[in-house]
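# What follows is a predicted structure for the sequence shown.
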Amino acid sequence: MRKPFFLFVILIISSLLLGACASKEEKEIVSSAEKFAANYVLEKYGVTVRFTEYRFSPPDLSKSLGLHGYAEGDKKKKVFVMVNYDPLSVETLSLPDGISKKSDSK
């Protein structure tokens, strides 16, 4: 009777440890993608953005995540950036009307 219980406890602990590792990796990916996207928008459009949500694409489709946020100073000015995280690149960008690319950026 003790052996099945012991194996069950080991299985639960292992699952929790593996889950924590995945969570740490996910947080690192999100942090890198947010910094990259924020720098991209600031560099190309001169707008500081704050991201409030993220959503990973299914890993079998692509290595990307969508970042939702707003232009700093006005939460009504919604921003969306789809970032490929391996390697880091911007796939899609949606900015509010009236924000255009800076003339000195390529």
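Yep, that arrived.
# in this structure, which spans are helices?
2-45 (DSSP state H).
# where does it dip in pLDDT?
1-3, 6-9, 11-22, 105-106 (pLDDT under 70).
# Could you point out the longest strand of it?
strand 74-85 (DSSP state E).
# contacting residues around it?
With contact meaning Cβ atoms under 8 Å, 6 or more residues apart in numbering, strand 74-85 is reached by 29, 32-33, 36-37, 40-41, 47, 49, 51, 62-71, 89-96, 99. For the C-beta atoms, the positions are set from N, CA and C on the backbone; glycine is no exception.
# For that strand, which strands pair with it and how are they oriented?
strand 64-71 (antiparallel), strand 88-94 (antiparallel) (DSSP bridges).
# Would you mind finding the most buried of these?
Counting by mean count of other Cβ atoms under 10 Å, strand 64-71 has the highest mean neighbour count of those, with a mean of 19.
# tell me how far it is from the chain's mean position?
7 Å (Cα atoms, centre = their mean, to the nearest Å).
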